[in-house]
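Visitor: below are the sequence and a predicted model; questions follow.
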Amino acid sequence: MQQKGRYVAAQSIHLYDDLGNGYLFNIYPIGTHFNAVPAVYVWTRPVQAAWHVIYVGQTDDIERRLNTCRAQHNCLSCAERQGATHFMIHQESNERRRFEIEAGIRRRYDPPCNKQ
């Protein structure tokens with residue numbers, strides 16, 4: 001994952017879907033700028049030695065979704081209330097796979113801001 005600016009991934013973590021498939025996510029502070037790449041993303045915050053999954057989504061342009069259009073994001077106020085401080089990013093170019101990964105991770109972690 002290439003990002004703009006001076007940030008590098010704080011760390012990486014595997015998230016798992018409801019079938020047990022693991023996906024490597026890089027973790028960045030909110031406000032990190034990225035190149036326009038497709039990805040599955042998670043809004044999160046640290047909790048002791050773990051990460052709280054607050055919202056899971058997918059996009060064809062991670063920079064536009066998380067930064068340029070962040071104020072228009074329908075879960076922004078929920079994520080802020082939940083204390084989101086970081087993004088987890090898993091780059092995936094195949095749109096069908098992004099939707100599958102997103103859905104499986106939602107089913108496993110039941111993020112509070114994905115509730116409709």
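Guide: Structure's in. What do you need?
Visitor: residue boundaries of the helices in the protein?
Guide: 62-63, 76-81, 95-109 (DSSP state H).
Visitor: and those helices, which one's lowest on average pLDDT?
Guide: Lowest mean pLDDT within these: helix 76-81, a mean of 82.
Visitor: now what about that helix, what contacts it?
Guide: 43, 54-55, 70, 112-113 (C-beta atoms under 8 Å, 6 or more residues apart in numbering). C-beta here means a position set from N, CA and C on the backbone, and glycine is covered the same way.
Visitor: among these, which are in strands?
Guide: Residues of the contacts of helix 76-81 located in strands (DSSP state E): 43, 54-55.
Visitor: of those residues - the most surrounded one?
Guide: Neighbour counts for the ones in strands among the contacts of helix 76-81 peak at Trp43, which has 28 neighbours (criterion: other C-beta atoms under 10 Å).
Visitor: show me the contacts for it.
Guide: Contacts for Trp43 (C-beta under 8 Å, 6+ apart) come out as 30, 54-55, 75, 79, 82, 84, 86-87, 113.
Visitor: counting neighbours, what do you get for the closest residue to Asp18 other than its chain neighbours?
Guide: Leaving out its chain neighbours, the residue that sits closest to Asp18 by C-beta to C-beta, 6 or more residues apart in numbering is Arg107, at 4.0 Å. By other C-beta under 10 Å, 13 other residues sit near Arg107.
Visitor: same check, this time on the one 5 residues further on
Guide: Neighbouring residues of Pro112 were enumerated by other C-beta under 10 Å; the total is 15.
Visitor: equivalent analysis for Asp17, please.
Guide: Asp17: 18 surrounding residues under other C-beta under 10 Å.
Visitor: ok, now how distant is it from His33?
Guide: Asp17 sits 28 Å away from His33, taking C-beta to C-beta, to the nearest Å as the criterion.
Visitor: again with Asn26
Guide: For Asn26, the distance to His33 equals 14 Å [C-beta to C-beta].
Visitor: with neighbour numbers in mind, choose between these two.
Guide: Set Asn26 next to His33 and count neighbours by other C-beta under 10 Å: Asn26 wins out with 19 against 15.
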